[in-house]
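Chemist: mind looking at a prediction? Sequence and model below.
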Amino acid sequence: MKTIPSALRVHLDSGTTTLAWCWRITRADGTAFGFTDHDRVLSFDGTEFEPESGLTASEIRSGADLSVDAQDAAGALRSDRISESDILDGRWDNAEVELWRVNWQATNQRVLMRRGAIGQIRRGRHAFLAEIRSMSHILGQTVGRTFQASCDAALGDPRCGVDLEDPAFRGSGTVIDSLRDRAFIASGLGGFAAGWFRFGTLVWSSGANAGRRAEVLAHDRSVGITVITLLEAPIRPIGAGDRFTICAGCDKRIATCARKFGNVVNFRGFPHIPGQDAILRYASQDGGHDGGVL
């Protein structure tokens with residue numbers, strides 16, 4: 001239940017209202033933005049809510065169960081505050097959103113309608129549509145450990161303990177030539193065996209994608225030529241001369257943990273749990289049914 005300030009309640013009861021929607025959006029980098037569907041700038045709580053963004057809201061969809069409530073916010077790609085480049089770079093992904101109903105003649109008369117986060121963003125040539133998810137979307141995320149044969153730690157995190165700053169697990173390279181939108185020939189990685197960086201991470205240090213992180217799908221080496229294939233094509237084209245750093249990858253198997261990293265003591269999987277083959281086994285007539293392990 002929402003508590004409506006007494007002054008706003010009086011305004012609502014008057015029959016003639018001057019209401020507007022205001023959004024405060026805080027990105028993961030801590031930058032806060034204010035937007036409103038009113039025709040002039042509104043200000044409260046240290047935030048200026050600007051109308052120039054062209055941000056408009058759809059109806060709020062909500063239910064009595066624990067399903068994720070949602071609302072859509074549509075806007076035009078005409079402002080430096082909401083640029084296509086920032087959307088492509090993922091700077092607005094999962095940004096925190098506050099949605100306010102405000103009396104634009106007296107902004108101290110307002111009520112917080114909901115909190116949420118930006119979900120899927122669909123882009124067109126001149127506009128975008130952002131889904132605003134309610135806080136219940138957090139309930140759909142996996143919490144805790146997963147009982148599985150493979151490791152559930154991220155390579156290099158505190159649970160794993162592998163030092164990815166070790167030169168044995170880290171390299172630097174330069175793009176010589178682009179083969180496809182997500183594959184390229186690289187120099188500077190000749191000291192590493194083929195497949196060493198498979199499932200690893202790459203961070204661009206120069207070029208159009210500088211600062212972006214990518215997952216490595218394949219690391220091939222033949223006749224002295226190193227080819228890196230990324231899991232997804234970068235937002236902007238890969239260019240000759242682009243520099244990057246790359247870290248070794250892990251396929252989460254205990255054999256790899258032992259052979260490649262010497263880190264079995266920190267392996268976070270359960271390699272000895274029964275698999276589907278054990279579930280599908282059945283008694284046969286070949287004898288030896290003594291209650292022992294099959």
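Modeler: Thanks, I have the structure now. Numbering: from 1, shown residues only.

Chemist: okay, the residue nearest to residue 33 when sequence neighbours are not counted and residue 94: tell me how far apart.
Modeler: Spatial nearest neighbour of residue 33, chain neighbours left out: residue 25 (4.9 Å); criterion: Cβ to Cβ, 6 or more residues apart in numbering. All C-beta spots, glycine's among them, are computed from the backbone N, C-alpha and C. For residue 25, the distance to residue 94 equals 11 Å [Cβ to Cβ, to the nearest Å].

Chemist: please enumerate the helices of the stretch 151-294 of the chain.
Modeler: Under the criterion DSSP state H, counting those that start in this stretch, helices of the stretch 151-294 of the chain are mapped to 254-256, 276-279.

Chemist: mean pLDDT lowest for which of those helices?
Modeler: Lowest mean pLDDT within the helices of the stretch 151-294 of the chain: helix 276-279, at a mean of 70.

Chemist: could you pull out the buried residues of that helix?
Modeler: Neighbour-count burial for helix 276-279, counted by 16 or more other Cβ atoms under 10 Å, picks out no residue.

Chemist: chain center to that helix: distance?
Modeler: How far helix 276-279 lies from its chain's middle: 35 Å, per Cα atoms, centre = their mean, to the nearest Å.

Chemist: cool, and stretch 185-199?
Modeler: For stretch 185-199, the distance from its own C-alpha centre to the chain's C-alpha centre is 26 Å (Cα atoms, centre = their mean).

Chemist: quick one, what contacts residue 100?
Modeler: 21, 22, 23, 24, 110, 111, 112, 113 (Cβ atoms under 8 Å, 6 or more residues apart in numbering).

Chemist: what sits against the closest residue in space to residue 105 that isn't next to it in sequence?
Modeler: With sequence-adjacent residues excluded and distances taken as Cβ to Cβ, 6+ apart, residue 105 is closest to residue 18, at 4.8 Å. Applying Cβ under 8 Å, 6+ apart to residue 18 gives the contacts 11, 103, 104, 105.

Chemist: again, 10 Å this time
Modeler: Residue 18 makes contact with 11, 38, 102, 103, 104, 105, 106, 109, according to Cβ atoms under 10 Å, 6 or more residues apart in numbering.

Chemist: what's the answer for residue 5, then?
Modeler: Residue 5 is in contact with 11, 103, 108, 109, 110, 111, counting by Cβ under 10 Å, 6+ apart.

Chemist: 8 Å - rerun?
Modeler: So, once contact is read as Cβ under 8 Å, 6+ apart, residue 5 ends up touching 108, 109, 110, 111.

Chemist: so the last one bridges to which residues?
Modeler: On DSSP bridges, the residues paired with residue 111 through beta bridges are residue 101.
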